[in-house]
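S.K.: Provided below for reference: sequence and predicted model.
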Amino acid sequence: MGSACKVHGWVERMRVDLVIIGGGPAGLAAAIAAREAGIENLVILERDARLGGILNQCIHNGFGLHTFKEELTGPEYAGRYIEKVREMKIPYRLDTIVIDLGETQEDCADHGEEAGRVNGESGGRRSAAEGVREQSRGGRARKLVTAMSRKDGLYTIEAEAVILAMGCRERPRGALNIPGYRPAGIYSAGTAQRYVNMEGRMPGREVVILGSGDIGLIMARRMTLEGAKVKLVAELMPYSGGLKRNIVQCLDDYGIPLRLRTTVVNIKGKERVEAVVVAKVDENSRPIPGTEEEIPCDTLLLSCGLIPENELSGKLGLAMNPATNGPLVNESLETGVPGVFACGNVLHVHDLVDYVSEEAAQAGRKAASYLQGNLPKPQEEIPVRVGKGVRYTVPGAVDVRRMGETQLIRFRVDNVYRDKNLEVCLNGKPVSSRRKRMLAPGEMEQVVLRKADLEGVLDLREISLQIVD
Amino acid sequence: MTDIIVIGGGVTGCAIARELSRRDWKVTVLERASDVCEGTSKANSGIVHGGFDAAPGSRKAALNVEGSRMMEALSRELDFPYKRNGSLVLSFDEKDRPLLQRLYDQGQQNGVEGLEILEAEQVRRLEPEVSENVVAALHAPSGGIVCPFGLTIALAENAAVNGVEFRLNTEVERIEKLEEGYRLITNRGIFRSAVVVNAAGVYADRFHNMVSAEKIRIIPRKGEYCLMDKKVGDYVSHTLFQLPTKFGKGVLVTPTVHGNLLAGPTAVDVGDPESVDTTPQGLEEVLKRAGLSVRALPARQIITSFAGLRAHEEQGDFVLGQPDDAPGFFDAAGIESPGLTCAPAIGRYIAQEVAGYLPAAEKKDFIAVRKGIPNMETAGPEERKRLIEENPAYAKVICRCELVTEGEILDAIHRPLGATTLDGIKRRTRAGMGRCQAGFCAPGTVEILARELGKDMGEICKNEPGSRFLTGYDKDGVTAAEKTNGQCM
């Protein structure tokens, strides 16, 4: 793997073409696609002890209906990709955490030396082949990925391109600012899932779940199956944040009540949770006095939203989309820093893993194009704007010359809509309209733009999406 | 029979224990919680006050200035996080200038160094994000921020290394005055000592009143706080206090020594010395009042909120030393703000008083220096490499929000007075204190604790014995009938 120098028995510096940060569904699919597109010298860095990411604890089925036309469990779905990574001999490093992300200075005469200076050590000379390759790319800045692991120590990888695939984390109690005591027994749904599914341990017996995100719904069923009593799922919004099928299969089938416009206003119990107090909320999501109800329980699970984990992206100073908490990307899933791509839940939270894989494969292919000198610098990025009813789109901009014959735009709506039209506008003028029976914030939507349509508009300045009657 | 019993393992008790460990006494600390630093010491502002706030001539004033002066050297000696960031008392109304001046004069009388009154423009140069409404401020460059857990645990560890015995999970129920010394009845047996030091925080009045006819009364005064993400930790660099306004006593906005942003506290007298719950009103008030100090408090970045109880004595000052009718019983009671700042000075004062009552020689082998747990997050590249070479566990990250490694957690468990609970790990290493609030790292930390302590994961607690993290195994609650009915796939 690249050129390397060894100090103290550990490799301290190495070079690769592509580093993929994260070995979950996004990272795996991106790596496979990049290798299929001809990138030999790449590495996946995974912080956990195994590849597969969060899928490893998602032992329920329902994964892969789109990708494999069959219903797989999370580990099975991940397994398909992991097998392929192994078959293709794509290198990966486990138990490896990336602690820093930076860049060398752009357009410098000798990247080797410059890179060395950044970390205060000698970077070694480049091979002739590397030099030629670099010239063909116009001497672009390299990425510096600093990582560490028990096995390999602390080291820096110099890479031509990086794919961010770090996934997301759950919103904790603190971020919700729920008043009350701070006893044991308050878990994010994903933490509980890990205990129940991977350790065979129960985090509680009598459970209230706040938030009806998919993990919360799945955990309502799982906890029930494992012998706990799930007393209530409370949801602040007037609609669930999860998939319809999960409400039916995880709550309705087990007689677990879902109370909309309801939240937790107090947590009781000094050492372990003894009860939570729920209350109805008004249109402004403020608790309505007099509607409080105390529910005895020993556990509160929180499924109140996922936050893309972009602390590393921040180190590169990437421009972010406040609606997704992910980096802003263009049609090639390239961030504001050339050669840095993003995909999966670090970019925006997905509903189905199939879409993560699809998106990540595109990021892998685009990174390959970049490395092969086939992805010109973006020149004219047309913004994709959110119109009425649309919360965000990914990508947020399209360079018509860089796009393929078609371009997929993924988006989410900001409320539940029935029998509405999804309209695509170019320069404010509607060019296509599609009837939608049902649109919900919990489900990701998509629309396809055709290059021919975009090229047909004189002086294209703006693409927008809106929900209309 | 021991020479001295200290009741309470908070910052005051630990500071006293450390000072007592300088002499040839046999000292035992009785702490009812499972760890030191489990009461008021774990939930406060973490401020080293300059000392202009306390009434001249009060014990608070004298000990504040002394404690503030001691803190920097102590932080080097005992290796805990401390930073002199300076503080500003903001005034929002021209009419309040006399109040600001009074604080300044008071500070001068108390001996606070470097005080100056700044005009709005000067304030804004120091703190660009202060509110437009600020008209002037009192600047105290000697003000600082400290890690309250770091300080307390460092004092305790150093006391332990110097021979102080810590009895955790030991709650004093009754104290009896004997002909000579005292008998303490606890949930874990009876202890006898010549001297008792009462550093029991919000419970200090109970113990005092058991031995003295001069009654004192501690009123627990709740303070609620909101803590914000490190992303906005540099929103302000000074500790921003407020002059009292028509909206009431002000709250502060400050960076913490670890780089978060903190707002609070409220001040509400409560009857229950256990009521450390936050309330909707309290949290709302924190945000509303803190919002007066700055342009736009980044409240969306809140990662947790908490409440602490100040041990407010109704006379308003610290109660220190022996009551007339209880020789050998030393109070360190009513230690509310600036108690954290004063702790080292209180420790020194009480130790001197005790030495006057029960003379003892100074130890020749007293170990003054304590080395803290390495911190991978703040370590430079060379230090990181060195630690990893020493022990590869320092490359295994358990808490990714705060970059806490297995190496640090192992150190926290195996050092003197080591951590035995999740919260104990958290306060010693910061694992779980970050933006995901232990969502990711709790399972890893629980596993390491269980392995290192030779326990089952199910026995690991968040803090007290009733706070187990896990309740059993999968399918425990499933009846045999349900299993055979196939309802449990």
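M.R.: Happy to help now that I have it.
S.K.: just the helices in the stretch 51-200 of chain B please.
M.R.: B:59-78, B:97-110, B:120-126, B:148-161 (DSSP state H, counting those that start in this stretch).
S.K.: Can you list the buried residues in the longest one?
M.R.: Looking back up the chat, that one is helix B:59-78. By 16 or more other CB atoms under 10 Å in any protein chain shown, the buried positions in helix B:59-78 come out as B:59-72, B:74-75, B:78. Yep, even glycine has a C-beta here, placed from its N, CA and C like the rest.
S.K.: Quick one: the helices of the stretch 51-200 of chain B as CSV, columns for distance to chain A and mean pLDDT too.
M.R.: Shown next, in CSV, are these (distance: least, CB to the nearest CB, whole Å; pLDDT from 0 to 100):
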stretch, distance to chain A, mean pLDDT
helix B:59-78, 26, 97
helix B:97-110, 32, 95
helix B:120-126, 26, 97
helix B:148-161, 15, 98
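S.K.: Nearest to A:Gln466 among these would be which one?
M.R.: Comparing these against A:Gln466 with CB to CB, the closest turns out to be helix B:120-126 (42.9 Å).
S.K.: Report the contact partners of the nearest residue to A:Gly200 once chain neighbours are set aside.
M.R.: Counting by CB to CB, 6 or more residues apart in numbering or on different chains, A:Gly200 lies nearest to B:Asp474, which is 4.9 Å off, once chain neighbours are set aside. Listed by CB atoms under 8 Å, 6 or more residues apart in numbering or on different chains, the contact partners of B:Asp474 are A:Val196, A:Gly200, A:Arg201, A:Met202, A:Glu226, A:Gly227.
S.K.: Where in chain A is the helix or strand with the lowest mean pLDDT?
M.R.: helix A:111-119 (a mean of 37; mean pLDDT, DSSP states H and E).
S.K.: if we can go back for a sec, could you dump the helices of the stretch 51-200 of chain B to CSV with distance to A:Gly53?
M.R.: Listed next are the helices of the stretch 51-200 of chain B as CSV, based on distance: least, CB to CB, whole Å:
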stretch, distance to A:Gly53
helix B:59-78, 41
helix B:97-110, 55
helix B:120-126, 46
helix B:148-161, 33
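S.K.: out of those helices, nearest to B:Val29?
M.R.: Among those, helix B:148-161 sits nearest to B:Val29 (CB to CB), with 7.4 Å.
S.K.: any idea of the angle the closest one forms with helix B:59-78?
M.R.: Going by axes from the mean of the first three to the mean of the last three CA atoms, to 10 degrees, helix B:148-161 is angled at 70 degrees with respect to helix B:59-78.
S.K.: Give me the contact list for helix B:148-161.
M.R.: Taking CB under 8 Å, 6+ apart as the rule, helix B:148-161 contacts B:9-11, B:14-15, B:17-18, B:20-21, B:27, B:29, B:36-37, B:41-42, B:44, B:46, B:75, B:78-82, B:166, B:257, B:340, B:343, B:347, B:367-368, B:370, B:372, B:415-417, B:427-428.
S.K.: Among the residues you listed, which ones are in helices?
M.R.: Members of the contacts of helix B:148-161 lying in helices (criterion: DSSP state H): B:11, B:14-15, B:17-18, B:20, B:75, B:78, B:340, B:343, B:347, B:427-428.
S.K.: Selection in ChimeraX covering whichever of the residues you listed are buried, please.
M.R.: Buried members of the ones in helices among the contacts of helix B:148-161, defined by 16+ other CB under 10 Å, are picked up in ChimeraX with:
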select /B:11,14,15,17,18,20,75,78,340,343,347,427,428
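S.K.: Switch the ones in helices among the contacts of helix B:148-161 over to TSV, and while doing so, append distance to B:Leu100 to every line.
M.R.: What follows is these, written out as TSV (distance: CB to CB, whole Å):
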residue	distance to B:Leu100
B:Val11	30
B:Cys14	36
B:Ala15	32
B:Ala17	39
B:Arg18	37
B:Leu20	41
B:Ser75	30
B:Leu78	35
B:Leu340	24
B:Ala343	28
B:Gly347	33
B:Arg427	36
B:Arg428	40
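S.K.: Could you single out the nearest of the ones in helices among the contacts of helix B:148-161 to chain A?
M.R.: B:Arg427 (13.3 Å; CB to the nearest CB).
S.K.: Wait, the closest one touches B:Lys42, no?
M.R.: Yes: B:Arg427 lies in contact with B:Lys42 (CB atoms under 8 Å); the separation is 6.6 Å.
S.K.: Roughly how far does the residue nearest to B:Arg84 when sequence neighbours are not counted sit from B:Pro338?
M.R.: Nearest non-adjacent residue to B:Arg84, counting by CB to CB, 6+ apart: B:Gly144, 4.3 Å away. From B:Gly144 across to B:Pro338, the span is 11 Å (CB to CB, to the nearest Å).
S.K.: now swap in B:Arg32 and tell me
M.R.: For B:Arg32, the distance to B:Pro338 - CB to CB - is 25 Å.
S.K.: can you check A:Ile186 too?
M.R.: The value you get for A:Ile186 to B:Pro338, if CB to CB is used, is 33 Å.
S.K.: Now do the contacts for the nearest residue to B:Phe52 once chain neighbours are set aside.
M.R.: Counting by CB to CB, 6+ apart, B:Phe52 lies nearest to B:Gly107, which is 2.9 Å off, once chain neighbours are set aside. Applying CB under 8 Å, 6+ apart, we find B:Gly107 in contact with B:Gly50, B:Gly51, B:Phe52, B:Leu115, B:Leu138, B:Ala140.
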